[in-house]
Every structure is written in C-alpha cells, then in structure tokens.
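okay, here's the prediction I keep looking at, along with the sequence it came from:
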Amino acid sequence: MENQIFELQYAIDTFYFLVCGALVMWMAAGFAMLEAGLVRAKNTTEILTKNVALYAIACIMYLVCGYAIMYDGGIFLNGIESFDLAGVLADSASNGFDGDSVYSAASDFFFQVVFVATAMSIVSGAVAERMKLWAFLAFAVVMTGFIYPMEGSWTWNGADVFGMYNLGDLGFSDFAGSGIVHMAGASAALAGVLLLGPRKGKYGPNGQIHAIPGANLPLATLGTFILWMGWFGFNGGSVLKLGDAANAHSVAMVFLNTNAAAAGGAVAALIVGRFLFGKADLTMLLNGALAGLVTITAEPSTPTALTATLFGALGGVLVVFSIIALDKMKIDDPVGAISVHGVVGLLGLLLVPFTNDGSTFTGQIVGAITIFVWVFVASLIVWGVLKAVVGIRVSEEEEYEGMDLIDCGMEAYPEFVKS
C-alpha cells in the first residue's frame with residue numbers, strides 16, 4: 001500500500017510539474033506578443049525572431065551545461081533520462097518517505113529550463129529596435145549557459161557565493177524568482193542598454209523626451225494576458241508539490257495571490273497614470289499588471305489575498321514612476337522591462353520578510369546585491385566584448401530602415417507599407 005501511495009504521489013507531482021512548466025513555456029508567447037506590440041512596425045519580424053530563437057538557445061544551453069552548473073551535475077550525469085522504479089522505491093524506503101515532494105528528475109529539468117528562457121526574454125524587449133540580431137543571440141548563449149546558472153546555484157541550490165557566504169544562512173528567500181529570474185534578466189538588460197545607447201530620435205538635444213509609440217497595442221494587450229496566465233504556472237509550480245491536501249491548499253493560495261497582485265498592480269498603475277497624464281494610459285496599465293505579478297513572485301504563498309493585492313498595487317505605482325525616471329535618465333527601454341522586472345523585482349524581494357518569518361531584510365538586501373552585481377558586471381563584460389569584436393548596434397541608416405528588412409528580409413505588415 002505504501003508503495004502504491006508513493007507511486008500515485010510521484011505521478012501527481014510529476015504531472016503537475018509538467019503542466020506548470022508548459023504554462024511557463026507559454027509565457028514565451030506572451031513576451032513575444034507584448035514586445036511585438038510595443039515596438040514599431042518595421043521591427044516586428046525581428047523581435048519575433050529573437051523571441052523564438054532565444055527560447056531555443058536557452059533550452060539547448062541549459063541542457064548542455066546550465067543545469068550542471070546550477071545543480072552540481074548534469075542531465076546525463078544524473079541519469080535524468082532513465083527511470084528505475086525499484087531504485088526510487090528503495091531510496092524512498094531507506095530515507096523514510098514522509099510525504100515530501102517526489103517527482104521525475106526530467107520534469108524538474110523541464111520546469112527549470114523554461115525559467116531560464118524567461119530571464120532571457122526580459123533582455124529582448126529592452127534592447128529592441130537598435131541591436132544586431134546575431135550579437136543578441138550570442139549573448140543569449142552566455143546568459144543562459146553560464147551567467148544565470150551561476151546565480152541560480154547560489155540561490156535555489158544553496159551554494160556559497162564564490163565560497164565566501166551563503167545566502168540561505170543570511171535569511172534570503174525568493175519563492176519563484178522576483179530576483180533570481182526577473183531582476184537578473186533586467187540587470188543583463190540594463191548592461192546592454194547602457195552600452196547600446198538610446199534609439200535615434202528618442203531624446204532631444206535639450207533634454208526633451210519623444211514618445212515612440214508601439215505599432216500594435218492589441219498584440220501588447222494579448223501578450224500581457226498570456227503572461228498573466230503563464231504566471232500561474234510560474235508561481236504555482238514553485239510549490240513543487242500537489243499530491244497532498246496541505247500542498248494542494250498552498251497551490252490554491254499561490255494562484256489566488258498571484259491573480260490578486262496582478263489586479264492590484266493594474267488598477268494602481270491605471271489610477272497613477274490618470275493623475276500624472278490626465279488619460280487612461282494603456283501601456284502603463286499593462287506594465288502595472290506585470291509589475292504586480294513580479295512583486296508577488298518573491299513570496300506568493302504566505303500573504304493573505306488582500307495583502308497580495310496591496311503588494312501588487314505597490315508594484316503598479318512604483319513601475320510608473322520608474323519608467324518616467326529612467327526616461328529622464330535617458331535610459332531607453334522600449335517596453336519598460338528594466339522597470340517592470342528589475343526595479344519591481346527588487347521591491348518584491350524587500351516585501352518578503354513582512355509575511356515570511358523565515359526571511360530577513362539583511363538576507364534579502366545581500367541577495368539582491370549579489371544577483372545584481374554578478375549579472376550586471378558579467379553581462380557588461382560580455383556585451384563589451386561583443387561590441388569590440390562584432391559590434392552590437394546597427395548603423396543609423398539600418399535603424400531608420402528597420403530591423404525587419406535588415407536582419408530578416410521580410411516585413412510583418414507588408415500590406416500597410418506605402419509604395
């Protein structure tokens with residue numbers, strides 16, 4: 001009977017991991033649609049190409065070396081591709097199986113690899129409309145194969161940071177990745193944006209800020225809803241277990257809080273935008289919803305639903321002012337990714353100790369600094385090498401013509417091009 005219970009829980013937890021991983025994979029479509037909607041029409045095909053290619057690169061690089069770096073092994077070394085039920089049952093018996101998470105190692109790899117792709121997707125939108133496609137893809141190889149797995153090993157795997165200190169011992173906690181995934185992606189994006197410089201015409205000689213509207217707000221809205229849906233897998237899957245009543249309730253609370261935070265962020269950003277601009281700004285509304293989701297990602301299991309809504313609202317307010325502030329600093333981010341995932345990701349980490357007694361403000365701050373410094377500096381080095389060797393920015397003429405024709409030789413909306 002005990003073996004049958006074990007097998008049933010193994011099946012349920014494995015299946016839950018796979019479904020949540022598929023939901024997170026669907027977030028790749030969300031990023032693609034969001035970014036395609038917020039760039040100009042002449043750059044749509046290229047941004048879509050980047051999103052599909054970076055997902056594929058992330059899957060390959062994490063398979064080849066990323067997983068091994070992050071979890072002290074590898075997909076082949078750890079025997080993930082094989083299954084020995086007798087061995088699993090024997091390990092369970094010898095370890096005194098007490099209902100802890102049990103699932104296929106292959107499902108764990110699948111769930112982890114889609115997180116890697118999410119971190120890289122954040123970079124795509126921030127450097128849009130002026131970066132060379134192949135330079136971006138070269139950076140994706142290093143980011144997903146080395147930079148992200150290194151900081152992942154210090155956080156989710158509990159390794160010491162270069163042998164100097166352990167974040168877990170300091171009280172660092174990041175349930176689903178406000179810092180580990182989102183702030184890491186934004187840190188890499190910031191390094192690239194600083195070396196790239198702004199798009200031509202974005203900032204005037206006297207400090208003027210010129211808005212460059214996206215080409216397709218319906219696509220951007222669709223992308224936001226896809227991301228909102230995928231986030232249930234992102235946060236819900238991070239419970240790591242479904243096969244008993246207590247964890248099933250925990251999963252339900254994570255889903256509830258994730259949705260509540262997104263709603264709070266959306267409404268707060270909408271209201272702030274109305275006061276600041278006198279209009280209902282759709283792009284701020286969309287980024288507010290995403291900011292709420294990023295905020296709650298650090299700890300969606302311990303707050304009440306009302307607290308989660310308030311946390312999301314804080315993220316929604318912060319993201320509006322962050323986008324405005326970065327524009328004043330002439331940091332050009334076409335989709336607001338650095339603000340949504342970086343600035344708000346930091347907020348999410350700092351809010352964790354308010355509801356999670358196992359974390360400390362010191363641990364959260366040290367963890368945030370560790371993630372930012374490592375990813376930013378490592379990314380700056382890689383971007384710098386690429387800039388020196390092959391160049392990372394297209395020419396002014398190519399930027400004016402659009403990345404679609406330059407990199408892809410086709411247009412996303414050929415019927416609307418004037419002859």
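Noted; the coordinates are in hand.

residue 145 touches residue 63, doesn't it?
No - assessed by Cβ atoms under 8 Å, residue 145 is found out of contact with residue 63, at 9.6 Å. Glycine gets a C-beta too; all of them are placed from N, C-alpha and C.

so residue 183 versus residue 378, what's the distance?
14 Å (Cβ to Cβ, to the nearest Å).

no wait, residue 240
Per Cβ to Cβ, residue 240 is found 28 Å from residue 378.

hmm, back to that, higher neighbour count, residue 183 and residue 378?
residue 183 (33 against 20; other Cβ atoms under 10 Å).

name the helix or strand for the closest residue in space to the more buried one that isn't next to it in sequence, please.
By the measure of Cβ to Cβ, 6 or more residues apart in numbering, the closest residue to residue 183 outside its immediate chain neighbours is residue 345, 3.5 Å from it. Taking DSSP states H and E as the definition, residue 345 sits inside helix 344-351.

show me the contact partners of that helix.
For helix 344-351, the surrounding residues in contact (Cβ atoms under 8 Å, 6 or more residues apart in numbering) are 174, 178-179, 182-183, 186, 291, 294-299, 311, 314-315, 318-319, 322, 361, 364-365, 367-368.

which element follows that helix toward the C-terminus?
helix 361-389.

buried residues of that following helix, list them for me.
363-364, 366-368, 370-372, 374-376, 378-380, 382-383, 386-387 (16 or more other Cβ atoms under 10 Å).

next, the buried residues of whichever helix or strand comes after that helix.
Next in sequence after helix 361-389, counting helices and strands by DSSP H and E, comes helix 396-401. The neighbour-count check on helix 396-401 (16+ other Cβ under 10 Å) flags residue 399 as buried.

how far away from the center of its chain is helix 396-401?
Taking Cα atoms, centre = their mean, to the nearest Å, one finds helix 396-401 lying 30 Å from the centre of the chain it belongs to.

who does that helix touch, helix- and strand-wise?
If you count contacts as 3 or more Cβ pairs under 8 Å, 6 or more residues apart in numbering; DSSP states H and E, helix 396-401 packs onto no helix or strand.

and the helix or strand following it, average pLDDT?
Moving toward the C-terminus from helix 396-401, the next helix or strand (DSSP H and E) is helix 403. What helix 403 shows for mean pLDDT is 95.

for helix 403, packing partners?
helix 44-61.

and the helix it packs on, how far out from the chain middle?
14 Å.

for that helix, C-alpha coordinates in PDB please.
These are the backbone C-alpha positions of helix 44-61, laid out as PDB (Å, rounded to 0.1, in the frame of the first residue of the first chain):
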ATOM      1  CA  THR A  44       8.200  43.400 -35.600                       C
ATOM      2  CA  THR A  45       9.600  40.400 -37.500                       C
ATOM      3  CA  GLU A  46      13.000  40.800 -35.900                       C
ATOM      4  CA  ILE A  47      11.600  40.900 -32.400                       C
ATOM      5  CA  LEU A  48       9.600  37.800 -33.000                       C
ATOM      6  CA  THR A  49      12.600  36.000 -34.500                       C
ATOM      7  CA  LYS A  50      14.600  36.900 -31.300                       C
ATOM      8  CA  ASN A  51      12.000  35.500 -29.000                       C
ATOM      9  CA  VAL A  52      11.700  32.200 -30.800                       C
ATOM     10  CA  ALA A  53      15.500  31.900 -31.200                       C
ATOM     11  CA  LEU A  54      16.300  32.800 -27.600                       C
ATOM     12  CA  TYR A  55      13.900  30.200 -26.300                       C
ATOM     13  CA  ALA A  56      15.500  27.500 -28.400                       C
ATOM     14  CA  ILE A  57      19.000  28.600 -27.400                       C
ATOM     15  CA  ALA A  58      18.100  28.600 -23.700                       C
ATOM     16  CA  CYS A  59      16.800  25.100 -23.900                       C
ATOM     17  CA  ILE A  60      20.000  23.800 -25.600                       C
ATOM     18  CA  MET A  61      22.400  25.700 -23.400                       C
END
